[in-house]
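Engineer: using only what follows, build the 3D model:
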Amino acid sequence: MYKEKAAKIESVITDYFKGIYKGDILKLQEVFDKNVLIYGDMNNKIPYCKPVQEYLEGVKSRKSPSDLGEAFLMKIISIEILGTVAIVKAHVPMLGYNYYDFLSLTVIDGNWKIVNKLFAHVE
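Structural biologist: Reported below is the predicted structural model:
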């Protein structure tokens, strides 16, 4: 059962990676719950806090890492699963940043969805 859940979560995170790498808003809308809040730390500056729709508008309006010719280096570091909740730690280097994400997921209507995103840029 754990391996099956982990495989489904890996699939969601792979779609998340593809979505941000290519700037694919539709793919990102599939993996995020509509109520997600995104919090981040970018160089210890003003706290970053956005609802998912605002975040997606930003992704839509910027050049994607793919368009900029960046190598795809995103990877899952770890997955922790307890019942119908999970936490994924991911390394997401892109756009000149060295991001690490903590993504919380849960099962909604039978599908794993990202319900919270925390990220930090680490020098």
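Engineer: start to end distance for stretch 74-89?
Structural biologist: Across stretch 74-89, the terminal residues are separated by 11 Å (Cα to Cα, to the nearest Å).
Engineer: how about it: buried residues?
Structural biologist: Across stretch 74-89, burial judged by 16 or more other Cβ atoms under 10 Å covers Met74, Ile76, Ile79, Ile81, Ala86, Ile87, Val88. The way it works is simple: take the backbone N, C-alpha and C, and place the C-beta from them, glycine included.
Engineer: pLDDT added to the residues you listed, as a markdown table?
Structural biologist: Converted to a markdown table, these look like this (pLDDT from 0 to 100):
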| residue | pLDDT |
| --- | --- |
| Met74 | 98 |
| Ile76 | 98 |
| Ile79 | 98 |
| Ile81 | 98 |
| Ala86 | 98 |
| Ile87 | 98 |
| Val88 | 98 |
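Engineer: pLDDT score assigned to Lys63?
Structural biologist: Lys63 is assigned 95 on the pLDDT scale.
Engineer: count residues in the vicinity of it, would you?
Structural biologist: Neighbourhood size, Lys63 [other Cβ atoms under 10 Å]: 10.
Engineer: who are the contact partners of it?
Structural biologist: Under the criterion of Cβ atoms under 8 Å, 6 or more residues apart in numbering, the neighbours of Lys63 are Gly23.
Engineer: for it, phi and psi?
Structural biologist: The phi and psi values for Lys63, taken as degrees, to the nearest 10, are phi -70, psi 140.
Engineer: before we move on, back to that, and the buried residues of stretch 74-89, which of them are in strands?
Structural biologist: Per DSSP state E, strands hold the following members of the buried residues of stretch 74-89: Ile76, Ile79, Ile81, Ala86, Ile87, Val88.
Engineer: of those residues, which pair is most distant in space?
Structural biologist: Across those, the longest distance by Cβ to Cβ is 12.6 Å; it joins Ile76 and Ile81.
Engineer: so Ile20 sits against Val59, correct?
Structural biologist: Yes: with contact defined as Cβ atoms under 8 Å, Ile20 counts as touching Val59 (6.5 Å).
Engineer: quick one: secondary structure of Gln53?
Structural biologist: The three-state assignment at Gln53 reads helix, by DSSP: H, G, I helix; E, B strand; the rest coil.
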